[in-house]
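K.L.:
Below is the sequence, then the predicted model.
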Amino acid sequence: MLRRLALAAVLMAAAAAPAAAQCDTRFTLRNNSGTQVNEFYFGPSANSNWGRDRLGENVLPAGRQMNFTPGGRGGAYDFKVVWANGETAEVMRVNICEASEIIATRRGIEAR
């Protein structure tokens, strides 16, 4: 009987492990900076390249927001915005499983 309970506990833990490895990676970019965001980049912190502009042909006017769903897994992500005046800001090593908002502010960008 004790062996059956131990086996059941091991099986339940193994079944829960894949669920714990996945997370909701969706987030919203909010532009509270008062200035238009012309470019937005993000990706896993393990990547040394910013990749493509995630806004594409679009821009994000002040006071607006846009939703994103990264195609990858959870973990640490880096984010970068480029404003209309050419200034940039970055926030690094954000746990994408815990943050649901990336906010462009007058002082830079932050994750919440």
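P.N.:
Arrived safely. Numbers count the residues shown, from 1 in each chain.
K.L.:
so how far is G86 from the residue sitting nearest the centre point of the chain?
P.N.:
Among the residues of the chain, I96 comes closest to the average C-alpha position under Cα atoms, centre = their mean, at 4.1 Å. Distance of I96 to G86, computed by Cβ to Cβ, to the nearest Å: 27 Å. Every residue, glycine included, has its C-beta placed from N, CA and C.
K.L.:
Confirm N85 sits in a helix?
P.N.:
No - judged by DSSP: H, G, I helix; E, B strand; the rest coil, N85 forms no part of a helix; its state is coil.
K.L.:
I'd say I96 and Q22 touch.
P.N.:
No - in this structure, I96 is not within contact of Q22 by Cβ atoms under 8 Å, at 11.6 Å.
K.L.:
which residues do the two both contact?
P.N.:
Residues touching both I96 and Q22 by Cβ atoms under 8 Å, 6 or more residues apart in numbering: G74.
K.L.:
so what's N95 closest to, chain neighbours aside?
P.N.:
Closest residue in space to N95, ignoring its immediate chain neighbours: A76 at 6.2 Å, by Cβ to Cβ, 6 or more residues apart in numbering.
K.L.:
And for that neighbour, the neighbour number?
P.N.:
13 (other Cβ atoms under 10 Å).
K.L.:
I'm done for today, thanks for sticking with me.
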